[in-house]
Structures are given as C-alpha cells and as structure tokens.
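>>> Need a 3D model of the sequence below.
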Amino acid sequence: MHFIKILSFAAILALSFDGCTDVKPIEDEPSHPLVVPYDSFVDVASITLDRSELTLEEGESFTLKATVSPDNATDLPVQWTSPDVRVAYVSGGVVTAASAGSTTIVARAGTKTAQCKVTVRNRSLPNKLIPFADPFILYDNGWYYLYGTGSDDGIPVVMSQDLVRWSVPGGGESHLALAKDDSYGTYWFWAPEVYKLGKKYIMYYTAETHICVAVADSPTGPFVQAVKTPMLNEYALDHSLFIDSDGKLWIFFVRAERGGIWVAELEDDCMTIKPNTFRFCITRSQDWEFEDVNEGPFVVKHNGIYYMTYSGNGYESPKYGIGYATATSPAGPWTKYAGNPIYQNVGGLDGVGHHAFFKDVDGRDRIVFHSHYAPGQIHPRVIHISSYDFTPEGVMQISEDFLTPGME
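Here you go, the predicted model:
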C-alpha cells in the first residue's frame, strides 16, 4: 500500500525559505472528500410534506416543504417529481401550475415517499362572469340560449354564437324570458329547461317549489303560462324532460315530500302528467352522498342504455358533485354507477353540479354546469361548459377541460 504525504502549510513555508521561491503560500489547507464508513450511514425513516392537497390557479407557484426523519439521515437529498408536467411541474419543491387539471407531486428521500395532490384551476376568466345556477342551453337557428336560476322576478336568458361570449337579448342589463306576471308563483324561480317542439318553445321551470310549464313563440320569450297552476299539486322541483326514440315523453323530477328522484309519463301536449305513471328512480344511497338528496336529474340514451345523471350533496357543499345511474327503460329500475361521483371539485372548482347536456353546432356532446363563485364563496354561482363521452365499456366520463364563459 502506498501513502501520499500531504505537506502542511508550515512545511511549504519552510521549503520556500530554502530557495523554493516558486512555491506560493495558500490560504488554507486543501479540502478532502468526505468519506463516511459504510456502517455509519443513517437511513431515512420517513418523509412528510407540509401540504397533502394544494389548489393553484394557472401560473401560480407554491413551495412545498419536506421534513425528513431522522434529521441526520445520510441518504440522498429529497428528489421531486410530477407525473403530469402539463398540469404542474416541480423543481426543488417549488410547484408551478401550468394548466387546469390535477396531478400528484411526489417527494422521495431514500426509499421513502410523500405525496401532495395538486389541483390547478383555469383562471383565464372573463371580466364579467354569468351569475346563473341550474343552467340549460338550447341551440336554435345559429344561436345558443342559456337559461338559469338567476332572478327573483323570473327566468333570465342570455345568448351566444360561440359559447364563450354571451350577450343580453336586446341589450340592457338583463332580459327575462319568463316574467313572474306571466307565471304561476311569485318567487323561487328555479331550474328552467327550454325545448323547441314544433313551432313553439316550451319552458319547464320551478316556482315556489312547484313544477310548471310555459309557452312562447321565440326562445327569448315572452314565455306565458296560460293556466297558472302547477303541473303537479305537491312540492316538486328540478324537473327534466326526456323524449325517447319512440317519441314517448317522460318527465323526471324531485319529489320533495316523498324524497328522491321520480319519473312519470307525459301526455302528447307535453304539459299534462299521466295519472298512475309515477315511478321511483333513486335516492341518496352511496357513501359520497353525505348531505341532502339526489337532485337535478338529466337523462340521455347511449347504445340502448339510459343514463340518468344527477347531483349529490347539498348545493352549498364544496363536495356537490355529479353521479349517474343506468337502466334499460326510463321507468327503471335504476342502478347507480359504483364509481360515482364522476365529476367533483374539478379544476379547483367547488360545488360542481346541476347540469344539462346539449349538442353544439358541430354535433359534439357538451355539458353546462354551475359551480360556487370561488372556494369559500358560494354566491353568485357561475357557469362552465365542458364535453362528455363514453368509454368502450359504456362508462360515462366528463372532461376536466372546461371553459368559463362571460358576458360581453
């Protein structure tokens, strides 16, 4: 074995006085790499993060702090990774939000890992949001018409040609497609739906927790309820029309006193419920539905299967979300999808629900829904638009890539 003798600073000085004038003094003794004996390594026992969940807006950053135990562990430093850098990327614990969606940041030290779920909210919001709840969109003759819960005096409507920029019909601050003077009831105007049937436009709506129907010659109204009585003489709300491929008419709705979502057949006039056709559909039954009732039903048909989408939890809950049930007939029986909810807290939104499906000008399947205005602030609820489809196995899925329209 050979040894290399390291001369000390004093020895170097001594040499210089012996005539070795080309050797210059140094500031300090040379450093040596740290050599740790194998048996002195300390493994990481655990790693924790100061946040397990994080919500950011696009472009925002947040520094996650990792705590490694024990603090004298000699394993490699903390390594940070993000499985989807399109949503958020991380460097040295600094998480930067890229685009709307969700991902999981992973911190690793030695063999131990810790995770933080990161949700990125799309904040490319217009200056003036649409303050509607319980929205419904009708496409007719080159225009989209958006109706919703949003006035104490009736049902408001706005219109658009691109789903992004919306305006009030005729200008002004607002326009009521249905005014309370033309309707049953004087308050609680909720959850409108409008359909073009023949040459007429029919609006189903709730007033004073009774389901009603009114008619107009134009999608912007005025809608008028000729006979000012509700369709059903009991507390009911959140109705939705479904026209089957055989032309049969069904109306789904929440029966407030009996509980849950029900369905009944309609006469050909689209206004009269057929007696003795009421059938129970669903009620709160899954673990995620921990508040209030199932509400806001909407039915579509795909490959011979009927899909009833609905909202679970109270609308004031941040965990308000969307689930669905399936059946082979509108009359049921209905079976809830085991993977519910299929849409909840997407893109940093709270209170996601009470939706309606529609087709856009290109024939794509779209969904309009409302959310809370912002985390911690319910009102005014605002509108978002996304798309939906089905997997080859028949599972309904709603895209987390949504847009937030605004008023011009």
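>>> and residue 138, how many neighbours does it have?
Residues near residue 138, counting by other CB atoms under 10 Å, number 21. C-beta: built from backbone N, CA, C; applies to glycine.
>>> Is it correct that it is in contact with residue 148?
No - with contact defined as CB atoms under 8 Å, residue 138 does not count as touching residue 148 (11.9 Å).
>>> For residue 305, which non-adjacent residue is spatially closest?
Spatial nearest neighbour of residue 305, chain neighbours left out: residue 326 (5.4 Å); criterion: CB to CB, 6 or more residues apart in numbering.
>>> May I have the beta-bridge partners of the one you found?
Note on residue 326: beta-bridge partners by DSSP bridges are residue 307, residue 335.
>>> Please apply the same query to residue 224.
residue 215.
>>> Just the pLDDT for it.
With respect to pLDDT, residue 224 scores 98.
>>> Just to check, it is in contact with residue 182?
Yes - using CB under 8 Å, residue 224 is in contact with residue 182, at 4.4 Å.
>>> who touches both of these two?
residue 214 (CB atoms under 8 Å, 6 or more residues apart in numbering).
>>> Now tell me which helix or strand of this protein has the poorest mean pLDDT.
Across the helices and strands of the chain, mean pLDDT, DSSP states H and E gives its lowest value to helix 9-17, namely a mean of 38.
>>> Specify the next element, helix or strand, located C-terminal of it.
Later in the chain than helix 9-17, the nearest helix or strand by DSSP states H and E is strand 46-49.
>>> Remind me what the helix or strand following that following strand packs against, helices and strands.
Per DSSP H and E, the first helix or strand lying C-terminal to strand 46-49 is strand 53-57. On a contact count with 3 or more CB pairs under 8 Å, 6 or more residues apart in numbering; DSSP states H and E, strand 53-57 meets strand 94-97, strand 112-121.
>>> Tell me the strands beside whatever helix or strand comes next after the last one, with direction?
Note on strand 112-121: by DSSP H and E, the next helix or strand toward the C-terminus is strand 133-140. For strand 133-140, the paired strands and their directions (DSSP bridges) are strand 143-149 (antiparallel).
>>> Skipping adjacent residues, who's closest to the spatially most central residue of the chain in space?
The residue lying closest to the centre of the chain (CA atoms, centre = their mean) is residue 346, at 3.1 Å. With sequence-adjacent residues excluded and distances taken as CB to CB, 6+ apart, residue 346 is closest to residue 400, at 4.7 Å.
>>> what about residue 224, how many residues close to it?
Residue 224 has 16 neighbours, counted by other CB under 10 Å.
>>> Check residue 251 too.
27.
>>> Then the one 3 residues further on?
Counted with other CB under 10 Å, the neighbours of residue 254 add up to 27.
>>> from memory it sits against residue 281, does it?
No - in this structure residue 254 lies outside contact range of residue 281 using CB under 8 Å: 9.9 Å.
>>> Now residue 346: phi and psi?
The phi/psi pair for residue 346 (degrees, to the nearest 10) reads phi -80, psi 140.
>>> distance of residue 185 from residue 224?
14 Å (CB to CB, to the nearest Å).
>>> returning to what we had before: which neighbours do residue 254 and residue 281 have in common?
260, 261, 262, 297.
>>> Tell me, what's the model's pLDDT at the residue nearest to the centre of the chain?
92.
>>> With the one 4 residues further on instead?
According to the per-residue confidence, residue 350 scores 93 in pLDDT.
>>> Show me where the stretch 301-408 of the chain dips below the pLDDT cut-off.
Regions of the stretch 301-408 of the chain meeting the criterion pLDDT under 70 are absent.
>>> returning to that earlier point: quick one: the residue nearest to the centre of the chain and residue 355 touch, right?
No - using CB under 8 Å, residue 346 is not in contact with residue 355; the gap is 11.9 Å.
>>> Looks to me like the residue nearest to residue 346 is in a strand.
No - checked against DSSP: H, G, I helix; E, B strand; the rest coil, residue 400 lies outside a strand; its state is coil.
>>> which ones are touching it?
100, 101, 102, 346, 347, 386.
>>> follow-up on the earlier one: what about the helices and strands packed on strand 53-57, which gets the closest to residue 68?
strand 112-121 (8.0 Å; CB to CB).
>>> Report the buried residues of that closest one.
Within strand 112-121, the residues that count as buried by 16 or more other CB atoms under 10 Å are 112, 114, 116, 118, 119, 120, 121.
>>> which residues touch the last one?
Right, the one you point to is residue 121. 55, 56, 57, 58, 100, 347, 348, 349.
>>> likewise the fifth one?
By CB under 8 Å, 6+ apart, the contact set of residue 119 is 53, 54, 55, 56, 101, 102, 345, 347, 348.
>>> Who wins on neighbours among those?
residue 347 (25 neighbours).
>>> what number of residues lie near the nearest residue to that residue once chain neighbours are set aside?
Distance criterion CB to CB, 6+ apart; nearest residue to residue 347, sequence neighbours excluded, is residue 100 at 4.3 Å. Number of residues near residue 100 (other CB under 10 Å) recorded here: 24.
>>> my read: residue 320 touches residue 314, true?
Yes - in terms of CB under 8 Å, residue 320 counts as a neighbour of residue 314; the distance is 6.8 Å.
>>> In terms of neighbours, single out the busier of the two.
Between residue 320 and residue 314, residue 320 has the larger neighbour count (other CB under 10 Å), namely 29 against 15.
>>> can you tell me which of the contacts of residue 400 are in helices?
Assigned to helices by DSSP state H, none of the contacts of residue 400 qualify.
>>> Kindly present these as JSON lines, with separate columns for distance to residue 405.
Compiled in JSON lines, the contacts of residue 400 are given as follows (distance: CB to CB, whole Å):
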{"residue": "100", "distance to residue 405": "15"}
{"residue": "101", "distance to residue 405": "19"}
{"residue": "102", "distance to residue 405": "22"}
{"residue": "346", "distance to residue 405": "16"}
{"residue": "347", "distance to residue 405": "15"}
{"residue": "386", "distance to residue 405": "11"}
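>>> quick one: the residue nearest to residue 305 and residue 307, what's the gap?
In terms of CB to CB, residue 326 sits 6 Å off from residue 307.
>>> Between these two, which is the more surrounded one?
Comparing residue 326 with residue 307 by other CB under 10 Å, the one with more neighbours is residue 307, at 20 against 16.
>>> can you pull the contacts of that one?
Contacts of residue 307 (CB under 8 Å, 6+ apart): 299, 300, 301, 324, 325, 326, 396.
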